[in-house]
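# My questions concern the predicted model and sequence given below.
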Amino acid sequence: MFKPQKPTDKSTYNPIMLYFRGLRRYICTRLKRINTLLAVCALAYCLVLTTPSHADDDDLKTNSATLTLTAHAQQLAGITTLTLTPTTRQAEFTAYGKVVNIQPLLELRNRYKLAVTDNRAALARYRQAQQDINRQQDLYRSGISSKRNLQAQQAQWQSAQAQVASADLQGTAIKDEARLLWGKTLTDWAFAAPAQELDALITGQRHLLQITLPANKQLDKPGVQIVADASGNRSLARPALWLSVATQTDAQGASHFFQSDDNRLIAGMKVTAWIPEQHQALTGVTLPTSAVLWLMGEAFVYIKTSTDSFARLAIADYFAVADGYFVSTGLKPGDQVVSLGAQTLLSEELRGQIPDLDDDD
């Protein structure tokens, strides 16, 4: 807050006049600062609006003013450049899914094992009943046993036969239910003896993923390998192998089962998957993660245009890969990209756009 000073000439001293004079000077000073800040904000906003979403070779210098740094200054700032080389990548699309809890499949397996046990017991009773009825028939033909005893033995034999058929039907019904819910591959895993593949899922050595494809997408071919990650970070994604088509899908698109050995996964987690496009390979360059800057929601890199000159370039057609970002347009092999020290260049560029606000005059 301002503090009015008394003039040396007491004849002109007027407290009210001095107060309003100081107040006017204070307001004018603050308005000047506010106007300056508004002008800086407007300049930054205009830079964002006028920055193209992608650029070709002729537009290289339209993204920002050229920065000039001597070789000595570059060395002090730790500026390091990387010469881009041509790269070919399989185009990818993103899909989403979850880590599946296989407990319902284990319950079906346990029910099937009980059905198999019941079937074996029923089959044993049936075989015993078959022997008993054969013996009763011999006794009846010899006149030793009555017809009533033979008929009773026949009833027991028919009951044992029905129990075998019932146990068979129960086991078949459980298998059919498993195929309906989980598909043939996982059902075969569950009911195999020994169930080595399923044991890997039970012990956590592998995890079952269900990935739902977008409505307009499909897998390139059965057995395709994808990559998936629970955090949605493409650079951290781990491989996942295709198992089978999921029998239960939603309105969004077809679902597929995959298995992954990523030990970070837990049942119930949501995952993001990156899936190769059908027969579509892209050519471009790969940028290290340290070369990419983010400003106002857009991705930028700095290109070395001469020995001591740099220009900022916006990139649009890119996607994350394990070793950085793949860019298909806007950059070409042979371009020198700042791989270390790009943040220093951005700070220097923005600092040059902001005027000194400490001067009240």
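Nice, thanks for sending it over. Numbers count the residues shown, from 1 in each chain.

# contacting residues around residue 105?
178, 181, 182, 186, 190, 198 (C-beta atoms under 8 Å, 6 or more residues apart in numbering). Heads up, the C-betas are built off the backbone N, CA and C, glycines and all.

# my read is the first one is in a helix, agree?
Meaning residue 178. Yes: assessed by DSSP: H, G, I helix; E, B strand; the rest coil, residue 178 belongs to a helix.

# For it, grab the count of nearby residues.
23 (other C-beta atoms under 10 Å).

# Surely it and residue 190 touch.
Yes: using C-beta atoms under 8 Å, residue 178 is in contact with residue 190, at 6.3 Å.

# Helix, strand, or coil at residue 127?
When classified by three-state DSSP, residue 127 comes out as helix.

# What does the pLDDT read for it?
Note for residue 127: predicted pLDDT of 82.

# What count of nearby residues applies to it?
12.

# What of residue 239?
Close neighbours of residue 239, defined as other C-beta under 10 Å, add up to 13.

# do the same with residue 223
Residue 223 - counted by other C-beta under 10 Å - has 9 other residues nearby.

# my guess is it contacts residue 242, does it?
Yes: under the criterion of C-beta under 8 Å, residue 223 makes contact with residue 242 at 5.3 Å.

# Format the contacts of residue 105 as a markdown table; extra columns: distance to residue 247 and secondary structure.
Output for the contacts of residue 105, formatted as a markdown table (distance: C-beta to C-beta, whole Å; DSSP: H, G, I helix; E, B strand; the rest coil):
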| residue | distance to residue 247 | secondary structure |
| --- | --- | --- |
| 178 | 10 | helix |
| 181 | 6 | helix |
| 182 | 7 | helix |
| 186 | 10 | helix |
| 190 | 14 | helix |
| 198 | 17 | helix |
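
# which one of these sits closest to residue 237?
Residue 237 lies nearest to residue 186 out of the contacts of residue 105, by C-beta to C-beta, at 23.3 Å.

# now stretch 343-352: mean pLDDT?
Rounded mean pLDDT across stretch 343-352 is 83.

# Report the backbone C-alpha coordinates of stretch 171-191 in PDB.
Output of stretch 171-191 as PDB, limited to C-alpha atoms (Å, rounded to 0.1, in the frame of the first residue of the first chain):
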ATOM      1  CA  GLY A 171     -20.400 -84.200 -16.700                       C
ATOM      2  CA  THR A 172     -21.400 -83.300 -20.300                       C
ATOM      3  CA  ALA A 173     -23.600 -80.500 -19.100                       C
ATOM      4  CA  ILE A 174     -20.800 -79.000 -17.000                       C
ATOM      5  CA  LYS A 175     -18.400 -79.100 -20.000                       C
ATOM      6  CA  ASP A 176     -21.000 -77.500 -22.200                       C
ATOM      7  CA  GLU A 177     -21.500 -74.700 -19.700                       C
ATOM      8  CA  ALA A 178     -17.700 -74.200 -19.500                       C
ATOM      9  CA  ARG A 179     -17.400 -74.000 -23.300                       C
ATOM     10  CA  LEU A 180     -20.300 -71.500 -23.400                       C
ATOM     11  CA  LEU A 181     -18.800 -69.200 -20.800                       C
ATOM     12  CA  TRP A 182     -15.000 -69.700 -21.500                       C
ATOM     13  CA  GLY A 183     -14.500 -71.100 -24.900                       C
ATOM     14  CA  LYS A 184     -13.000 -74.400 -26.000                       C
ATOM     15  CA  THR A 185      -9.300 -73.500 -25.200                       C
ATOM     16  CA  LEU A 186      -9.800 -72.600 -21.600                       C
ATOM     17  CA  THR A 187     -12.300 -75.500 -21.100                       C
ATOM     18  CA  ASP A 188      -9.700 -77.900 -22.400                       C
ATOM     19  CA  TRP A 189      -7.200 -76.400 -20.000                       C
ATOM     20  CA  ALA A 190      -9.500 -76.700 -17.000                       C
ATOM     21  CA  PHE A 191     -10.500 -80.300 -17.600                       C
END
